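# got a structure for you, letters missing:
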């Protein structure tokens, strides 16, 4: 299991709601790390991620991020993925795959 990070910019005048990510054949999910009132960190899978109009968000360690399972045997420089939106649209993009170290 490993994680991925990215920046997203919404240049439209509408809010965008991301429902899921698909990086087949690699399993991928959107996750978010939160800290409760007692200071304990918890990682959850949100139902969706809303990006307000004319705004941006950055997926970072300790915040929103993408979790991947099965990258150990993946041998390509780029992992093609797509976000699915609540309105039925999707957008394709690539993650740069780097070794740990």
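Yep, it's here. This is a predicted model, so every value here is computed, not measured.

# residue contacts, the nearest residue to residue 86 once chain neighbours are set aside?
Nearest non-adjacent residue to residue 86, counting by C-beta to C-beta, 6 or more residues apart in numbering: residue 17, 4.0 Å away. C-beta: built from backbone N, CA, C; applies to glycine. Applying C-beta atoms under 8 Å, 6 or more residues apart in numbering, one finds that residue 17 lies in contact with 48-51, 85-87.

# Over to residue 80?
For residue 80, counting by C-beta under 8 Å, 6+ apart, the contacting residues are 23, 92-94.

# Tell me which of those fall in strands.
Of the contacts of residue 80, the ones assigned to strands by DSSP state E are 92-94.

# Buried ones in stretch 54-66, by neighbour count?
By neighbour count on 16 or more other C-beta atoms under 10 Å, the buried set for stretch 54-66 is 57, 59, 64-66.

# I'd like those written out as TSV, with pLDDT and distance to residue 1 added.
Below are the buried residues of stretch 54-66 laid out as TSV (pLDDT from 0 to 100; distance: C-beta to C-beta, whole Å):
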residue	pLDDT	distance to residue 1
57	95	23
59	96	16
64	96	16
65	96	12
66	97	11
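
# Closest to residue 35 out of the residues you listed?
Proximity of these to residue 35 (C-beta to C-beta) peaks at residue 64, which lies at 13.7 Å.

# Not counting its neighbours along the chain, what's nearest that closest one?
Residue 64's closest residue in space is residue 32 (C-beta to C-beta, 6+ apart), at 4.9 Å.

# tell me which element the one you found falls in.
Under the criterion of DSSP states H and E, residue 32 resides in strand 27-35.

# immediately after that strand, which helix or strand?
Taking DSSP H and E as the definition, the helix or strand right after strand 27-35 is strand 41-44.

# which residues are in contact with that next one?
For strand 41-44, the external contacting residues (C-beta under 8 Å, 6+ apart) are 31-36, 62.
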